[in-house]
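**Student:** Here's my sequence, what's the structure:
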Amino acid sequence: MNIEQARFNMIEQQIRPWEVLDPGVLDLLFVVKREDFTPPACRSLAFADLEIPLGDGQVMLSPKMEARLLQEMSLKKTDKVLEIGTGSGYMAALMAARAEHVVSIEIRPEIAVQAKTNLANAGVANVTVQTADGSAGWSQNGPYDAIVISGSVPSIPASILAQLRVGGRLAVVVGQAPVMEAQLVTCTAEGIYNTVILFETVIPPLDGFTPKNSFSF
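**Tutor:** This is a model prediction of the structure:
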């Protein structure tokens with residue numbers, strides 16, 4: 001496989017058509033090597049338009065999904081970022097290239113260890129991976145300028161919203177299959193949030209987030 005041609009094709013055929021047009025994001029996709037964050041058995045699929053299994057029922061999101069969420073967060077070099085659901089570490093590496101520091105929470109110890117290894121091998125020094133349940137966020141390092149939840153949740157916990165500083169952005173996929181939507185939530189003032197619906201999609205649910213109780217009347 002010609003890796004650089006495959007990377008170019010991924011960007012031009014999958015990511016640009018998905019309204020990812022920020023030159024900084026597109027350039028970064030050439031720099032951060034997605035194949036280095038892909039399990040060795042799936043390396044040939046690193047640039048395919050699909051979710052790649054990481055073990056334990058967890059997946060690496062599709063390239064276009066990660067690129068679009070990265071673009072929507074509009075990260076700056078001074079930003080402190082929280083990621084809930086580290087997975088392979090690839091999204092954390094992308095965000096780390098645009099932000100000051102990323103704290104990434106992974107509930108599964110084996111996946112957290114692999115993510116740390118991937119990030120170290122890629123020379124990414126401004127990501128801290130914590131092995132913990134991130135369903136309530138990670139207030140120890142908050143508040144944050146940006147938060148991304150790297151899996152779907154049935155609803156956004158208030159405890160996570162409370163960790164956004166004013167002007168902070170949260171990128172998340174909300175809902176339950178088959179109806180989910182990607183949202184960008186901005187904290188416009190203390191306790192005040194503005195939500196923009198980005199697009200409809202379906203991605204796997206994140207560990208630790210339980211569906212809201214359904215009531216029958």
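**Student:** how far does the longest helix seen in the chain sit from the chain's center?
**Tutor:** For the chain, the longest helix by residue count, based on DSSP state H, is helix 109-121. In terms of C-alpha atoms, centre = their mean, to the nearest Å, the centre of helix 109-121 is set 16 Å apart from its chain centre.
**Student:** Could you list the buried residues of it?
**Tutor:** By 16 or more other C-beta atoms under 10 Å, the buried positions in helix 109-121 come out as Ile111, Ala112, Gln114, Ala115, Lys116, Asn118, Leu119. Any C-beta I mention is one placed from the backbone N, CA and C, and that applies to glycine too.
**Student:** ok, the residues you listed vs Val185, which is closest?
**Tutor:** Val185 has its nearest neighbour among those in Ala115, at 25.1 Å by C-beta to C-beta.
**Student:** Surely that closest one touches Thr86?
**Tutor:** Yes: assessed by C-beta atoms under 8 Å, Ala115 is found in contact with Thr86 at 4.5 Å.
**Student:** list residues touching both of those two?
**Tutor:** Ala92, Ser104, Glu106, Val129 (C-beta atoms under 8 Å, 6 or more residues apart in numbering).
**Student:** separation between the first one and Gln5?
**Tutor:** If I follow you right, that is Ala92. The gap separating Ala92 from Gln5 is 26 Å, by C-beta to C-beta, to the nearest Å.
**Student:** Show me where the chain has its strands.
**Tutor:** 52-55, 58-60, 80-84, 101-106, 127-131, 144-153, 164-176, 179-189, 192-201 (DSSP state E).
**Student:** Turn these into JSON lines, columns for mean neighbour count and mean pLDDT.
**Tutor:** Compiled in JSON lines, the strands of the chain are given as follows (neighbours: other C-beta atoms under 10 Å; pLDDT from 0 to 100):
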{"stretch": "strand 52-55", "mean neighbour count": "18", "mean pLDDT": "92"}
{"stretch": "strand 58-60", "mean neighbour count": "22", "mean pLDDT": "91"}
{"stretch": "strand 80-84", "mean neighbour count": "26", "mean pLDDT": "98"}
{"stretch": "strand 101-106", "mean neighbour count": "25", "mean pLDDT": "98"}
{"stretch": "strand 127-131", "mean neighbour count": "19", "mean pLDDT": "98"}
{"stretch": "strand 144-153", "mean neighbour count": "25", "mean pLDDT": "96"}
{"stretch": "strand 164-176", "mean neighbour count": "19", "mean pLDDT": "97"}
{"stretch": "strand 179-189", "mean neighbour count": "16", "mean pLDDT": "97"}
{"stretch": "strand 192-201", "mean neighbour count": "13", "mean pLDDT": "96"}
